[in-house]
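Chemist: Give me a 3D structure for the following:
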Amino acid sequence: MAWGKSMGSGFTQQALPTWRRAVLKVGSSLLADRDGNLSDRTARGLAAFITAARAVGHEVVLVSSGAVAAGRAQVPTTPRKGGGLVLRQALAALGQTRMIGLWQGLLAMPVAQVLLSHDDLRDRRRYLNARNTLLELLRLHAVPIINENDTVAVEELKLGDNDNLAAIVAALVDADLLLIASDVDGLYDAHPLHDPAARPIERVDAITPAVLAVAGGSGSAVGTGGMRTKLEAASKAGKAGIATALFNGADADTVALLARGCLRGTHFAAAGSRLAARKYWLRHAPGTQGWVRVDAGAAAALRCGASLLPGGVVGIDGEFARGDLVDIVDGAGSAFARGLCQYAAGSARRIAGRHTREIEALLGYSYGEEMIRRDDLVLFDEAVA
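Modeler: Take a look at the predicted model:
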């Protein structure tokens, strides 16, 4: 199974998966012209889609490539490709503001630059900080624009892996859909540039190792990702319960269809619901770091679907950091739930039994009124697929 560029693609219209919050990944090839200069030619249509989505109450987080290409255009003496890692890091620094400026010029709502590396998302506390910042930006009706922190990243920049970063971000912000805009129409059963009989694949229910093994490389002079990274991203998103749509972002008609709830490209199905995938992970994740003891009222509220507030906590056992997994214990000493605690053990002890309005006065800061959020909590007797 391989991929190819637009050739009268043969893809038909299908319903876009239902979504309220989406992550849109835009590749470098869509933001650079033939000379490598930053261009708004295709970005205009994608920005119009973001605006239309916002108008009907949908939220979009943008993962945008293009900083290296934009930086290279400012230094005409640099080679179009290659030049070494340090040079590419410098070009990313030069081009980052131009890439952000491009999107701000096309969107009426405020945009916010967020630079992440995979290390930020591997560390639980940094992961939670990134999550809270992005969710707050959405609450403020801004469009977060995310890119890898290319100026300091090594492994990530060499991989050019914004496709996989977008999948991780989709899980980070509890997105319903991952949209991958590229200069390809979708997935084919053979390489259409080499095989005129290649047929479009409009739906993929499972990404097998055999599919990944034959995926092609990068087809763009300015991008560093290929179809393989797109398949890897769709696989990661699918395991988190998030569907993926791959489409040609350079095709104005295809992009316009998105605002009407239609996809002309490849739909990668999710493996179950997003919430079920998260609950499954919470239940089966190895070893908790501590225990939170709650009163009868809090136990009853949790069993009815509430978040855990400090007022219902009667004790904290063990030592754990913010974002660690803890078991929740009722008055009989039985663990009946587990979840990710928003406060480290020492802070949790200080606010246990207190009203949420006292948190900031007691700690000097607040990560929110919930000690454990409902979406970060699973009951042991809760049905999880």
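
Chemist: Could you list the domains of the chain?
Modeler: Domain ranges of the chain: 2-272, 278-379, per automatic domain parsing.

Chemist: Which pLDDT value does the model give Ser9?
Modeler: pLDDT for Ser9: 65.

Chemist: what are the C-alpha coordinates of stretch 310-319, in PDB please?
Modeler: Output of stretch 310-319 as PDB, limited to C-alpha atoms (Å, rounded to 0.1, in the frame of the first residue of the first chain):
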ATOM      1  CA  PRO A 310     -10.700  18.700  48.000                       C
ATOM      2  CA  GLY A 311     -13.700  19.100  50.400                       C
ATOM      3  CA  GLY A 312     -14.500  15.400  50.200                       C
ATOM      4  CA  VAL A 313     -10.900  14.200  50.900                       C
ATOM      5  CA  VAL A 314     -10.100  13.000  54.400                       C
ATOM      6  CA  GLY A 315      -6.500  11.800  54.000                       C
ATOM      7  CA  ILE A 316      -3.600  11.400  51.700                       C
ATOM      8  CA  ASP A 317      -1.200   8.400  51.900                       C
ATOM      9  CA  GLY A 318       2.000   7.900  50.000                       C
ATOM     10  CA  GLU A 319       4.100  10.300  48.000                       C
END
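
Chemist: which parts of that stretch are buried?
Modeler: Neighbour-count burial for stretch 310-319, counted by 16 or more other Cβ atoms under 10 Å, picks out Pro310, Gly311, Gly312, Val313, Ile316. C-beta coordinates here come from the backbone N, C-alpha and C atoms, glycine included.

Chemist: In the stretch 51-200 of the chain, where is pLDDT below threshold?
Modeler: For the stretch 51-200 of the chain, the stretches with pLDDT under 70 are 78-83, 118-119, 122-123, 150-160.

Chemist: what are the ranges of the strands in it?
Modeler: 59-64, 111-116, 143-148, 177-182, 184-188, 200-201 (DSSP state E, counting those that start in this stretch).

Chemist: Which elements pack onto the first one?
Modeler: Pointing back at strand 59-64 there. Judged by 3 or more Cβ pairs under 8 Å, 6 or more residues apart in numbering; DSSP states H and E, strand 59-64 is in contact with strand 21-26, helix 43-55, helix 85-106, helix 124-139, strand 143-148, helix 162-172.

Chemist: roughly how far is the longest one from the heart of the chain?
Modeler: By that I understand helix 85-106. 20 Å (Cα atoms, centre = their mean, to the nearest Å).

Chemist: Stretch 279-287 too?
Modeler: Taking Cα atoms, centre = their mean, one finds the center of stretch 279-287 at 20 Å from the center of the full chain.

Chemist: out of the strands of the stretch 51-200 of the chain, which comes closest to Ile372?
Modeler: Between Ile372 and these, the shortest gap by Cβ to Cβ is with strand 59-64, which sits at 23.8 Å.

Chemist: Ile207 in helix, strand or coil?
Modeler: coil (DSSP: H, G, I helix; E, B strand; the rest coil).

Chemist: sorry, back to before: using a markdown table, lay out the strands of the stretch 51-200 of the chain together with distance to Asp251 and mean neighbour count.
Modeler: As requested, the strands of the stretch 51-200 of the chain are arranged in a markdown table below (distance: least, Cβ to Cβ, whole Å; neighbours: other Cβ atoms under 10 Å):
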| stretch | distance to Asp251 | mean neighbour count |
| --- | --- | --- |
| strand 59-64 | 18 | 25 |
| strand 111-116 | 24 | 18 |
| strand 143-148 | 22 | 23 |
| strand 177-182 | 10 | 29 |
| strand 184-188 | 7 | 27 |
| strand 200-201 | 13 | 18 |
